[in-house]
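Enquirer: here's my sequence, what's the structure:
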Amino acid sequence: MFKKHKNGENPGAIVATPSPDNQHLTEIETRTVIASDVHLEGNITSSSPVYVYGSVRGDIDVKESLVNVLREGRVDGNINCQELIIDGTVTGQCTGDAVNIAENGTLTGTLAYRSLSVKQGGTFTGQAELRAPRHEKTNVVGLVSDTDTDSANKKSGEKRR
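Expert: Below is the predicted model:
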């Protein structure tokens with residue numbers, strides 16, 4: 001019934017060895033979720049997406065990510081994010097690159113955006129301001145046009161004579 005295995009081996013044990021492909025740890029996506037039975041009073045600052053099913057009384061600052069206020073969600077405060085999806089109720093000042101107000105969404109306050117969509121049934125009451133487009137960052141430093149280079153070469157050629 002009970003047998004001793006040679007060299008202390010256990011035939012039922014499973015030994016996992018990492019494969020060469022999985023040697024590096026992958027970054028786990030995190031998110032902040034305010035559940036439907038939660039009422040939060042205070043500010044949220046995060047670098048990951050924020051999903052609001054409950055209510056928040058305070059500011060949400062997620063500059064490089066998403067804020068999603070779902071159907072029963074409510075935010076009384078300012079929101080600063082890259083993408084804002086409203087299917088619940090938001091009252092305050094909102095700033096985002098892309099703002100989407102869904103069928104059940106209501107936004108009351110001021111809005112600064114680069115892209116705005118309001119689906120049928122969604123409402124927006126307040127003031128809106130179109131933000132200037134983002135300037136793409138490049139790795140080119142000190143780019144000079146050809147005409148500037150040609151005129152600089154001519155001037156240096158004149159000085160050499």
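
Enquirer: got any ranges where the chain has weak pLDDT?
Expert: 1-28, 135-161 (pLDDT under 70).

Enquirer: how about 90 then?
Expert: 1-30, 63-64, 131-161 (pLDDT under 90).

Enquirer: could you pull out the strands in this protein for me?
Expert: 32-34, 39-41, 44-45, 50-52, 55-57, 60-69, 74-76, 79-86, 89-101, 106-118, 123-130 (DSSP state E).

Enquirer: mind putting those in TSV, mean neighbour count included?
Expert: Where you see a C-beta, it was placed from the backbone N, CA and C, and this is true even at glycine. Output for the strands of the chain, formatted as TSV (neighbours: other C-beta atoms under 10 Å):
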stretch	mean neighbour count
strand 32-34	18
strand 39-41	12
strand 44-45	16
strand 50-52	23
strand 55-57	20
strand 60-69	20
strand 74-76	21
strand 79-86	22
strand 89-101	21
strand 106-118	17
strand 123-130	12
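
Enquirer: pretty sure Tyr53 contacts Ile34?
Expert: Yes - counting by C-beta atoms under 8 Å, Tyr53 touches Ile34, with 6.1 Å between them.

Enquirer: beta partners for Ser117?
Expert: Beta-bridge partners recorded for Ser117 (DSSP bridges): Asn100.
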